[in-house]
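Asks: Sequence plus predicted model, see below.
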Number of protein chains: 2
Amino acid sequence: MRTKDEEKERLILESALSIIAKTGLAGLRMSDLAKEAKLATGTVYIYFKDKDQLVRKLYLYLMRTTTSDLSSGIQPDDSIKSKIKKISHNYLLDSILKPQKSIFFEQYFRSPFFHETESVLNEEDQILQPIYQLVLEGQRQDIIKKVNPDLIVTIVCGMLESVAKTAVYTDKIVSDSEWELIFGIVWDAIKS
Amino acid sequence: MRTKDEEKERLILESALSIIAKTGLAGLRMSDLAKEAKLATGTVYIYFKDKDQLVRKLYLYLMRTTTSDLSSGIQPDDSIKSKIKKISHNYLLDSILKPQKSIFFEQYFRSPFFHETESVLNEEDQILQPIYQLVLEGQRQDIIKKVNPDLIVTIVCGMLESVAKTAVYTDKIVSDSEWELIFGIVWDAIKS
DNA sequence: TTTTGAAATGAATAAATATTCATTTAACTT
DNA sequence: AAGTTAAATGAATATTTATTCATTTCAAAA
C-alpha cells in the first residue's frame, strides 16, 4: 500500500505560509493552497481535518521553528556588550531571512483563528527570554540603563524589527558596516 | 423624500474598522458589519458598491485622517531636541490612541484588496516628512548622528511603535515620568 | 504476479457569505 | 393632506469557497 509522506505535511504548511505572506489570511483559499503545493484539494484534507486546523498547525509549526537559536554563536566568556551584539544580530537576521514568519504571526494574532485562550505572550516571552536575561545581567554589571528590563527588550526588538522590515521591503541586505552603525545606535540607546 | 445621511458613510467605515481591528480582514463579514452599524445589510450597499470598494474607501479615509497633526504643539523657536521630543510624543500618543488604524494598515498591505499599484511608501513618506526634516536639521547642527536619516527615522519610529504596541496590549497608559525615561532612550540612540 | 489497503484525485456537494430587489418607511413638496 | 421620491429593510438569490466521496493510482505484502 501507499504510505503517508511525512514531508507532505511540511510541504502543505509551507505552501500555506507562502500564500498567507502574499495575500494575508483573508486571501488563503484551500484550492489555491492545493495548487501551490501541486496536490489535489482532497489531498490536503488527508493531512489536515479542515482549514481551521491547518492554520492552527501552521502557527504551532512556526512557533517551534522560531524558538531555535537566537543565542547561536555566543560564547560564555564574551562580554555582555558583545553577547548583546551577537544576539541582536541573530534577531535581525532571523527577521530579515524569514519575513514570511513575521507576516504570519502579525496576521494570525488578529484573525478569527486566534483565540485569547492561547497564551501568546508566554510563547513570546519564551523566545525573548535569552535577551531578557542578558539585559538583567547588564543591569547588574551597571552597563545597561536601570529601567524596567521589559521596556529595554521591547525597544531593542522594535528597533531591529523596523530595520528588518525596511531591509525586506527595499530588498537590501544589511552589510557588515551598516550593522556596525545600527548596533552603535542600539547600544547607545540602552547603555547606562 | 428621505435624504442620504452623510454621517452614515462614516458610521459604516468606523464599524468596519472596529471589526477588522478585532478579527482582521479575514473576519470581516458584510452581515456582521451591518449589525455593528445597526443597519440592514442592504443599506450598506446604498453607500458602497461592494465589499471591495468599502475596504478601499476605508483605506483612503484613514489615510486622510492620519496625515493630520504630528507637528502639533511645536513652536518654531523650540530647540531641535525639544522639537523631536514633542513630535515623538505625538507619534507615540497617536499610535496608542488609534491602535485600530495601525492594525488596519498592517492588514490591508497584506491583503487581496491591496494592489502594488497603490503607492504606499509615498504616502508613508508624506506622513513621516516632518520627522525626517527635523532629523536633517539636527544633523546640520551636529546634534544628531550623521548616518542615513532614513535609518534614524526608521529606528525611532520602530522604538515608539513597539512601546505603543505593548502599552495597548497591556492596556496601560504611558505616564509623564515613563515618557521621560522612554525619550531618554530614544535621544541617546540618535544623538551624536 | 496478484492482492490489498491506504493515498491521491477532482468533480460534485455543502456551507458560508456577498449581493440583489420587491417592499416598506420617512421626509420633503405641492 | 396627499403625492412623490429616495432611503432603508431583510428575506431571497447568487456566488464563492470549503469539504466530501466515489473512483483511481500506487507501493508494499502475500
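Replies: Perfect, thanks for sending it. Residues are numbered from 1 along each chain as shown, chains lettered A, B, ... in the order given.

Asks: so does stretch A:141-160 get close to chain B?
Replies: Yes - on the criterion Cβ under 8 Å from any Cβ of the partner chain, stretch A:141-160 is in touch with chain B at A:Lys145, A:Val147, A:Asp150, A:Leu151, A:Ile152, A:Thr154, A:Ile155, A:Cys157, A:Gly158, A:Met159, A:Leu160. Backbone N, C-alpha and C define where each C-beta goes, glycine included.

Asks: Which of the residues you listed fall in helices?
Replies: Using DSSP state H, the members of these that fall in helices are A:Asp150, A:Leu151, A:Ile152, A:Thr154, A:Ile155, A:Cys157, A:Gly158, A:Met159, A:Leu160.

Asks: Closest one of the residues of stretch A:141-160 next to chain B to chain B?
Replies: A:Gly158 (2.6 Å; Cβ to the nearest Cβ).

Asks: so what's that closest one up against?
Replies: Shown in contact with A:Gly158 (Cβ atoms under 8 Å, 6 or more residues apart in numbering or on different chains): B:Gly158, B:Met159, B:Leu160, B:Glu161, B:Ser162, B:Val163, B:Lys165.

Asks: Kindly confirm whether my reading is correct that the fourth one touches A:Ser162.
Replies: Yes - applying Cβ atoms under 8 Å as the test, B:Glu161 and A:Ser162 come out as touching, 7.2 Å apart.

Asks: Those two: which is more packed in?
Replies: When B:Glu161 and A:Ser162 are compared for neighbours, A:Ser162 comes out ahead with 22 against 18, by other Cβ atoms under 10 Å in any protein chain shown.

Asks: helix or strand for the more buried one, which one?
Replies: If you go by DSSP states H and E, A:Ser162 is part of helix A:149-169.

Asks: Pull out the buried residues from that helix.
Replies: Neighbour counts over helix A:149-169 (16 or more other Cβ atoms under 10 Å in any protein chain shown) mark A:149, A:151-168 as buried.

Asks: same deal with stretch A:56-66?
Replies: Buried positions in stretch A:56-66, judged by neighbour count with 16+ other Cβ under 10 Å: A:Arg56, A:Lys57, A:Leu58, A:Tyr59, A:Tyr61, A:Leu62, A:Met63, A:Thr66.

Asks: Keeping just the C-alphas, turn the helix-or-strand element of chain A with minimal mean pLDDT into CSV.
Replies: Between all helices and strands in chain A, the lowest mean by mean pLDDT, DSSP states H and E belongs to helix A:120-140, at a mean of 84. Only the C-alpha atoms of helix A:120-140 are listed here, as CSV (Å, rounded to 0.1, in the frame of the first residue of the first chain):
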residue,chain,number,x,y,z
VAL,A,120,0.8,34.3,23.0
LEU,A,121,2.7,36.4,25.5
ASN,A,122,4.0,33.4,27.2
GLU,A,123,5.3,31.9,24.0
GLU,A,124,6.8,35.3,23.0
ASP,A,125,8.3,35.7,26.4
GLN,A,126,9.9,32.3,25.9
ILE,A,127,11.5,33.4,22.7
LEU,A,128,12.8,36.7,24.1
GLN,A,129,13.9,35.0,27.4
PRO,A,130,17.6,34.9,26.4
ILE,A,131,17.6,38.6,25.5
TYR,A,132,15.8,39.4,28.7
GLN,A,133,18.5,37.5,30.8
LEU,A,134,21.3,39.4,29.1
VAL,A,135,19.7,42.7,29.9
LEU,A,136,19.3,41.7,33.5
GLU,A,137,22.9,40.7,33.7
GLY,A,138,24.0,44.0,32.0
GLN,A,139,22.0,45.9,34.6
ARG,A,140,23.6,44.0,37.4
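
Asks: who's in contact with A:Ser88?
Replies: A:Val156, A:Leu160, A:Phe183, A:Val186.

Asks: The nearest residue to A:Leu11 once chain neighbours are set aside: what's it in contact with?
Replies: In space, and not counting its chain neighbours, A:Leu11 is closest to A:Ala37: 5.4 Å by Cβ to Cβ, 6 or more residues apart in numbering or on different chains. Under the criterion of Cβ under 8 Å, 6+ apart, the neighbours of A:Ala37 are A:Leu11, A:Ile12, A:Ser15, A:Val44.

Asks: Okay, buried residues for the host helix or strand of the second one please.
Replies: Following DSSP H and E, the helix or strand that holds A:Ile12 is helix A:6-23. For helix A:6-23, a neighbour-count test (16+ other Cβ under 10 Å) marks A:Glu9, A:Leu11, A:Ile12, A:Leu13, A:Ser15, A:Ala16, A:Leu17, A:Ile19, A:Ile20, A:Ala21, A:Thr23 as buried.

Asks: Quick one: residues contacting the first one.
Replies: By Cβ under 8 Å, 6+ apart, the contact set of A:Glu9 is A:Tyr47.

Asks: which among the buried residues of helix A:149-169 are in contact with DNA strand C?
Replies: The subset of the buried residues of helix A:149-169 lying close to DNA strand C, counting by Cβ under 7 Å from any atom of the strand, is empty.

Asks: My read is that A:Ile87 contacts A:Ile74, right?
Replies: Yes - with contact defined as Cβ under 8 Å, A:Ile87 reaches A:Ile74; the gap is 6.5 Å.

Asks: Tell me the secondary structure at whichever residue of chain A sits closest to DNA strand C.
Replies: Per Cβ to the nearest atom of the strand, A:Gly42 is where chain A lies closest to DNA strand C, at 1.7 Å. For A:Gly42, the assignment made with DSSP: H, G, I helix; E, B strand; the rest coil gives helix.
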